[in-house]
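Q: Need a 3D model of the following:
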Amino acid sequence: MSLPKIGTKAPAFSAPTQSGETVTLKSLLGQPVVLFFYPKDNTSGCTVEACSFRDAYAELKKVARVLGVSPDPVKSHEKFATKFTLPYPLLADTEKQIVTDYGVWVEKSMYGRKYMGVARTTFLIDAKGKIARIFEKVKPEGHAEEVLAAVREL
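A: The predicted model follows:
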């Protein structure tokens with residue numbers, strides 16, 4: 001599946017967070033949503049990215065809702081969020097439905113071995129639920145500041 005197009009309705013989702021509550025896209029509308037997809041809890045790049053969103057969260061939460069998404073289970077998200085004091089929800093997409101709907105569940109290759117995994121991608125969804133911006137091939141360092149600037153332009 002390919003990425004949704006800018007200007008189209010964001011795919012709906014419903015998933016549990018590290019605290020066990022279920023979050024839906026519909027419940028977040030009314031303000032912009034930053035939905036960042038990352039491959040795995042407690043890995044180097046993902047930790048850098050998650051912590052950059054944590055560090056920018058005081059400013060981000062004034063203008064948008066922030067959510068991280070990976071296929072890791074709730075327990076893993078709980079440990080990851082606690083270890084790094086992440087103040088925003090992490091969605092446990094264990095069925096890989098959200099990553100598939102957003103087109104970020106892709107074939108990857110490492111050391112010549114092919115496998116399926118999450119392409120590090122961030123979606124900025126406007127207050128009405130439309131895709132406003134897509135950040136592909138995200139570099140974890142400084143990404144949260146780039147997203148914050150984009151949210152402020154909405």
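Q: Spell out the secondary structure type for the residue most central in space within the chain.
A: Geometric centre of the chain, nearest residue: Phe36, 1.9 Å, by C-alpha atoms, centre = their mean. Classification of Phe36 using DSSP: H, G, I helix; E, B strand; the rest coil returns strand.
Q: right, and the helix or strand after the lowest-mean-pLDDT helix or strand in the chain?
A: Lowest on mean pLDDT, DSSP states H and E among the helices and strands of the chain sits strand 105-110, with a mean of 92. Tracing the chain C-terminally past strand 105-110 and defining elements by DSSP states H and E, one meets strand 113-118 next.
Q: ok, and what's touching that next one?
A: The contact list for strand 113-118 (C-beta atoms under 8 Å, 6 or more residues apart in numbering) reads 37-40, 70-71, 99, 104-109. The C-beta positions use only the backbone N, C-alpha and C, and glycine is treated the same way.
Q: before we move on, the earlier item: show me what the least confident helix or strand of the chain is packed up against.
A: Secondary-structure packing of strand 105-110 (3 or more C-beta pairs under 8 Å, 6 or more residues apart in numbering; DSSP states H and E): strand 113-118.
Q: helices or strands up against the next helix or strand after the strand it packs on?
A: Following strand 113-118 in sequence order, the next helix or strand is strand 121-125 (DSSP H and E). On a contact count with 3+ C-beta pairs under 8 Å, 6+ apart, strand 121-125 meets strand 33-37, strand 131-135, helix 143-153.
Q: tell me the angle the second one makes with strand 33-37.
A: What it means is strand 131-135. 30 degrees (axes from the mean of the first three to the mean of the last three C-alpha atoms, to 10 degrees).
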